[in-house]
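S.K.: model the structure of this input:
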Amino acid sequence: MRIAHFGHSCILVELHGVKVLFDPGTFAHGFDGITGLDAIAVTHQHPDHIDPNRIGALIENNPAARLLSDPQTAQQRSEGWEPVSAGQVLDIGELQITGGGGRHAVIHPEIPVVDNTVFQLGTAADPAQLVHPGDSLWVPPVPVGVLAIPAVAPWMRIWDTVDYLRAVNPRTAVPIHHGIIDPSARGIYFGRLTEMAPAGTEFRVIEPEDQGQF
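M.R.: Reported below is the predicted structural model:
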């Protein structure tokens, strides 16, 4: 597996010969010229996860890519998005994609909760080799290889993040969703997650527009 990080929650995953780009939102950068994608996956409708001003060009550059999203985003947009719900399983080549979760984390009781699909990538025998939870703390019911973990969010305390990391107990955790804070402050969150990760979990930062082998 290869993972490249384009800022905030936008990652490019290459697994089993399939390329999937997740959450190309307003705080992400460097994804605009990507071609050869097999799928573009959007966890939910918020602009930091799907940039309305740049998504059209990305789709034009990748005409063969399947467009996968939570049900509400698929309903709202006109580009032919496929709704992926919790429990739904689909295949792209040798890659299996399984939907999970279903709802965005609560930001405030007065703010409506929107759909949020957790994407699990893998195979039938090992369905969660990578998990992108979007804006949720949903715990997969199967062992997780790489967890793209939201490190900072308006709807989450560091306490919540640590407990989520421990509940999932992945082999590796890669932080995402930190485009909302100054880069000089990220070490506070990354340090806590490194120190408080469960035994056996590697916490690994992928620098923007860089990639790692997993």
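
S.K.: where does this protein have low pLDDT?
M.R.: Along the chain, segments meeting pLDDT under 70 are nowhere present.

S.K.: could you pull out the strands for it?
M.R.: 2-5, 11-15, 18-22, 39-42, 66-69, 82-83, 89-92, 95-103, 115-122, 130-132, 146-150, 172-176, 202-203, 210-213 (DSSP state E).

S.K.: out of those, which is closest to Asp160?
M.R.: Set against Asp160 and scored by C-beta to C-beta, the strands of the chain come closest in strand 146-150, at 9.3 Å. C-beta here means a position set from N, CA and C on the backbone, and glycine is covered the same way.

S.K.: where's the residue nearest the centre of the chain relative to Thr117, distance?
M.R.: The centroid of the chain falls nearest to His132 when counting by C-alpha atoms, centre = their mean (3.2 Å). Distance from His132 to Thr117, counting by C-beta to C-beta, to the nearest Å: 9 Å.

S.K.: find residues that contact each of these two.
M.R.: Common contacts of His132 and Thr117 (C-beta atoms under 8 Å, 6 or more residues apart in numbering): Thr43.

S.K.: re the thing from before, among the strands of the chain, which is nearest Gly30?
M.R.: Comparing the strands of the chain by C-beta to C-beta, strand 2-5 comes nearest, at 8.7 Å.

S.K.: give the buried residues for the closest one.
M.R.: By 16 or more other C-beta atoms under 10 Å, the buried positions in strand 2-5 come out as Ile3, Ala4, His5.

S.K.: quick one, which of the strands of the chain is nearest to Asp163?
M.R.: Nearest of those (C-beta to C-beta): strand 146-150, 11.5 Å.

S.K.: reformat the strands of the chain as CSV; add distance to Asp32.
M.R.: Formatted as CSV, those follow (distance: least, C-beta to C-beta, whole Å):
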stretch, distance to Asp32
strand 2-5, 14
strand 11-15, 12
strand 18-22, 11
strand 39-42, 13
strand 66-69, 17
strand 82-83, 23
strand 89-92, 22
strand 95-103, 24
strand 115-122, 22
strand 130-132, 20
strand 146-150, 21
strand 172-176, 19
strand 202-203, 29
strand 210-213, 17
